[in-house]
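[1] need coordinates for the below:
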Amino acid sequence: MKKKVLTVLLTGAMVASMAAGATVVSAEESDNTLTVWAWDQNFNIKSMQIAADQYAADHEGFSVDIIETSSDDCQTKLTTAANAGDYSTLPDIVLMQDNSYQKFLKAYPDAFTDLKDMDINWDDFGALKQSYSMVDDTHYGVPFDNGAVIACYRTDILEEAGYTLDDLTDITWSRFEEIGKDVHEKTGKYLLTSEATGGDTLMMMIQSCGANFVNEDGEAYIVGNETAEKCIDLYTELVQNDVVKLVNNWDEYIATITSGEAAGIVNGNWITATLMSTEDQKGLWGITTMPKVDGVDTATNYANNGGSSWYITSNCQNVELAEDFLASTFGSSTDLYDAILPETGAISCYLPAGESDVYNEPNEFFGGQPIFSTIVEYSSHIPEFTKTPYHYEARECVNTAVVNIVNGTSKEDALQEAQDTLAFKMTE
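    Now for the predicted structure:
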């Protein structure tokens, strides 16, 4: 993939040469310039540009060179540099997905700069969000976008079946199933849609309990995991009882929503951007908490799905500048988060941002709810759980087990196969 380079020189003269897709910065500027790898020009890259603009207003000559690099390429380039024993190809700052970062920190700890000396109040971020970029008590990343899970429902369809949004708030999955059966019987609509190949729903269910499909030692833990079995039982019942519409891929997933076939969706809050693209459904949606798992003492109505954080690499030539830049912007500025929300749709996981006027504005698409402040508040309640470098492998194995169970395989055999497959993947 050809790199596109965006150079943001916000004060002083701009000296740049766009040659072969690369930015050349003069020696005079290099001491006050940070290089950044990130993806998505309308979301992450634009957010970084706005942050740089804000910081440059008080730091004459500051600039950032943002090299558009896909998430996969960030990971591949990091692996290549580590295997070569040469981190000189890395930027000063790199964006990484929360669910994948632990794998790289554990494999290549020398690739990143610890943030022990950073001037930031970590308590201004939810405990789970912090934990994605931590080892023991040491921070390595500055949290960025919010992945808190929300449940979204078509209030008009609920009303047709005799329910309101309050009836779906802070409930259990068993109660959700009861309501879902009734909604389907009365309206022909499913109360939830889910990908057969994704596995997100199951991951959100178990992690809302502060648990995972691995044990504290990071080993595959599916067979004998009571919390996992409860989640799998519940999810399987939802599919078999016409509460969940199980689809084959992402396009079909979105189509069930835009067509009105499904009355609800449970996912990371980034799904709001997709929902709001359906102009004809404006005012018909509401958000609330996700259901919690029955019979688990640690169960909550909160989970996370998605999100990313900023990291300073060991190749950074001016760590003090990088730390101060990130701390002054993404780590502490409600003004920044107020600015990037309407421009990019990036929702903050910086808890004080949820108190601002911008975050508390009523959202017409969601019936006047102040959804952004609500999402930030949700993120403060998400329980921590054991992380695994094999997050996506675990998700795939367990999801395959559910599909097999729905298709007639015994639960015992399906879960044993998932256990064995995940254990094998962990040795590859």
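[2] mind checking how far G408 is from A418?
    16 Å (C-beta to C-beta, to the nearest Å). C-beta coordinates here come from the backbone N, C-alpha and C atoms, glycine included.
[3] quick check: S63 touching T33?
    Yes. Using C-beta atoms under 8 Å, S63 is in contact with T33, at 4.7 Å.
[4] more crowded one of these two?
    S63 (25 against 22; other C-beta atoms under 10 Å).
[5] quick check: phi and psi on the more buried one?
    Reported as degrees, to the nearest 10, the phi and psi values for S63 are phi -150, psi 160.
[6] how close does it sit to V244?
    Distance from S63 to V244, by C-beta to C-beta: 49 Å.
[7] who's the closest spatial neighbour of F104, skipping the chain neighbours?
    L78 (5.9 Å; C-beta to C-beta, 6 or more residues apart in numbering).
[8] any idea how far V94 is from the one you found?
    Distance from L78 to V94, by C-beta to C-beta: 7 Å.
[9] and the two? which has more neighbours close in?
    Regarding L78 and V94, a neighbour count based on other C-beta under 10 Å identifies V94 as having more, with 28 against 23.
[10] counting neighbours, what do you get for E412?
    The burial count for E412: 10, using other C-beta under 10 Å.
[11] can you check K77 too?
    Using other C-beta under 10 Å: K77 sits among 16 other residues.
[12] for it, what are its contacts?
    37, 69, 89-90 (C-beta atoms under 8 Å, 6 or more residues apart in numbering).
[13] that one looks like it's in a helix, true?
    Yes. Assessed by DSSP: H, G, I helix; E, B strand; the rest coil, K77 belongs to a helix.
[14] and D338, helix, strand or coil?
    D338 is classified as helix under three-state DSSP.
[15] ok, it to D357 distance?
    Taken as C-beta to C-beta, the span from D338 to D357 is 8 Å.
[16] what of L192?
    If you go by C-beta to C-beta, the gap between L192 and D357 works out to 34 Å.
[17] neighbour count for these two, which is higher?
    L192 (25 against 9).
[18] residue contacts, the more buried one?
    So L192 contacts 176, 180, 201, 238, 243-245, 262, 264-266 (C-beta under 8 Å, 6+ apart).
[19] looking at the contacts of K77, which are in strands?
    Secondary structure from DSSP state E places W37 of these in strands.
[20] tell me which two of the contacts of K77 sit farthest apart.
    Set against one another by C-beta to C-beta, those have their most distant pair in T69 and T89, with a gap of 11.6 Å.
[21] out of those two, which sits in the busier spot?
    T69 (23 against 12).
[22] how far away is the more buried one from Q75?
    Distance from T69 to Q75, by C-beta to C-beta: 10 Å.
[23] next: E428.
    Taking C-beta to C-beta as the measure, E428 falls 16 Å from Q75.
[24] so which of those two has more stuff around it?
    Q75 (18 against 6).
[25] wait, isn't that one in contact with S100?
    Yes. If you go by C-beta under 8 Å, Q75 and S100 touch, sitting 6.6 Å apart.
[26] and K411, what is it in contact with?
    For K411, the contacting residues are 229, 232-233, 236, 405, by C-beta under 8 Å, 6+ apart.
[27] which one (most neighbours) among those?
    I232 (25 neighbours).
[28] contacting residues for that one?
    By C-beta under 8 Å, 6+ apart, I232 lies in contact with 202, 398, 401-402, 405, 411, 415.
[29] quick check: the farthest pair among those?
    L202 and K411 (13.8 Å).
[30] ok, now how distant is the residue nearest to N248 when sequence neighbours are not counted from V247?
    Nearest in space to N248, with sequence neighbours left out and distances taken as C-beta to C-beta, 6+ apart, is A196 at 5.6 Å. Distance check for A196 against V247: by C-beta to C-beta, it reads 6 Å.
[31] okay, the two: which has more neighbours?
    The neighbour comparison of A196 against V247 (other C-beta under 10 Å) goes to V247, with 21 against 17.
[32] can you give me the helices in the stretch 101-250 of the chain?
    With helices called from DSSP state H, counting those that start in this stretch, the stretch 101-250 of the chain shows them at 127-131, 155-161, 173-187, 200-207, 226-240, 250-258.
[33] any weak-confidence spans in the stretch 1-150 of the chain?
    Counting by pLDDT under 70, the stretch 1-150 of the chain has low-confidence residues at 1-30.
[34] quick one: E361 is in a helix?
    No. E361 sits outside any helix when classified using three-state DSSP, being coil.
[35] name the nearest residue to it, sequence neighbours excluded.
    P370 (6.4 Å).
[36] and the gap between the one you found and D357?
    From P370 across to D357, the span is 10 Å (C-beta to C-beta).
[37] what sits closest to A127 if chain neighbours are left out?
    Distances taken as C-beta to C-beta, 6+ apart place E384 nearest to A127, at 5.6 Å, with adjacent residues excluded.
[38] wait, what's in contact with that neighbour?
    127-128, 131, 210.
[39] can you tell me the element the residue positioned nearest the centre of the chain falls in?
    The structure's the chain has its C-alpha centroid closest to G306; by C-alpha atoms, centre = their mean the separation is 1.4 Å. According to DSSP states H and E, G306 maps onto no helix or strand at all.
[40] now do the contacts for it.
    97-99, 145, 147, 268, 270.
[41] next one, pLDDT for it please.
    Note for G306: predicted pLDDT of 90.
[42] how far does stretch 161-176 sit from the chain's center?
    Centre-to-centre, stretch 161-176 and its host chain are 25 Å apart (C-alpha atoms, centre = their mean, to the nearest Å).
[43] now do it, average pLDDT.
    98.
[44] list the buried residues in stretch 340-347.
    Using 16 or more other C-beta atoms under 10 Å as the test for burial, stretch 340-347 gives 340-341, 344-347.
[45] looking at the residue nearest to N248 now. What's its pLDDT?
    For A196, the predicted pLDDT is 78.
[46] likewise G218?
    So G218 comes in at 89 (pLDDT).
[47] could you do N399 as well?
    With respect to pLDDT, N399 has a value of 88.
[48] thinking it is in contact with L202, fair?
    Yes. Using C-beta under 8 Å, N399 is in contact with L202, at 6.2 Å.
[49] got phi/psi on the closest residue in space to E177 that isn't next to it in sequence?
    Nearest residue to E177, sequence neighbours excluded (C-beta to C-beta, 6+ apart): V243, at 5.4 Å. Torsion angles at V243 (phi, psi; degrees, to the nearest 10) stand at phi -90, psi -40.
[50] how about the contacts made by V243?
    So V243 contacts 176-177, 180-181, 184, 190-192, 237 (C-beta under 8 Å, 6+ apart).
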